[in-house]
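A.B. asks: All I have is the shape, not the residue letters:
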């Protein structure tokens, strides 16, 4: 197993964790800014797009996938439900489980706002070739898989 860091060569500003965090923060700032003037925040849009994609179907699923606080997510879901973008339906098999569904209005809003994020992502990747983009995606997925395996699982 390769050792990429040592106490002699470690510099916080060049560590992978720091670089990923800065990239994430900068991209989040750009996405948040892109949604100013719209009736949804970027965080709300993320919930809608995840529901549209269909992998997460409950608030617990979304909390795990988005690494979100349950209280904050509940408030966010309440806002989306009030606006008619999300519907909640209690499970018939287990009344403790509440399923989330994207409404027609939620689907329309997601479709309307997705080009904003696509444009922002493409802007951030302007200097990347297709091969570099694919390699970056591959490496980030490999990093995530390695960290999850080392932590004993925890899919999101």
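C.D. replies: Looks like it came in fine. Being a predicted model, the structure only gives us computed values, none of them experimental.
A.B. asks: what bits of the protein have low per-residue confidence?
C.D. replies: Within the chain, the stretches with pLDDT under 70 are 153-156.
A.B. asks: Nearest residue to the middle of it?
C.D. replies: In the chain, the residue lying closest to the centroid (C-alpha atoms, centre = their mean) is residue 66, at 5.2 Å.
A.B. asks: Count the neighbours of residue 52 for me.
C.D. replies: Neighbour count for residue 52, taken as other C-beta atoms under 10 Å: 14. Using the backbone N, CA and C atoms, a C-beta is placed for each residue, glycine as well.
A.B. asks: does it sit in a helix or strand, and which one?
C.D. replies: Per DSSP states H and E, residue 52 falls inside helix 42-53.
A.B. asks: and what of residue 55?
C.D. replies: Judged by DSSP H and E, residue 55 forms part of no helix or strand.
A.B. asks: mind listing what's buried in stretch 51-64?
C.D. replies: Residues of stretch 51-64 classed as buried: 51, 56, 57, 59, 61, 62, 63 (neighbour count, 16 or more other C-beta atoms under 10 Å).
A.B. asks: And for stretch 92-111?
C.D. replies: Applying 16+ other C-beta under 10 Å to stretch 92-111 flags 100, 102, 103, 106, 109, 110 as buried.
A.B. asks: Pull up the distance across that stretch, start to finish.
C.D. replies: 30 Å (C-alpha to C-alpha, to the nearest Å).
A.B. asks: who's in contact with that stretch?
C.D. replies: Applying C-beta atoms under 8 Å, 6 or more residues apart in numbering, the set of residues contacting stretch 92-111 from outside is 39-40, 45, 48-49, 51-52, 56-59, 62, 77, 80, 83-91.
A.B. asks: Could you list which of those belong to helices?
C.D. replies: 45, 48, 49, 51, 52, 59, 62, 77, 80 (DSSP state H).
A.B. asks: any idea which of those is the one closest to residue 114?
C.D. replies: Nearest to residue 114 among the ones in helices among the contacts of stretch 92-111 is residue 49, at 7.1 Å by C-beta to C-beta.
A.B. asks: Residue 118 is in contact with that closest one, correct?
C.D. replies: No - if you go by C-beta atoms under 8 Å, residue 49 and residue 118 don't touch, sitting 11.2 Å apart.
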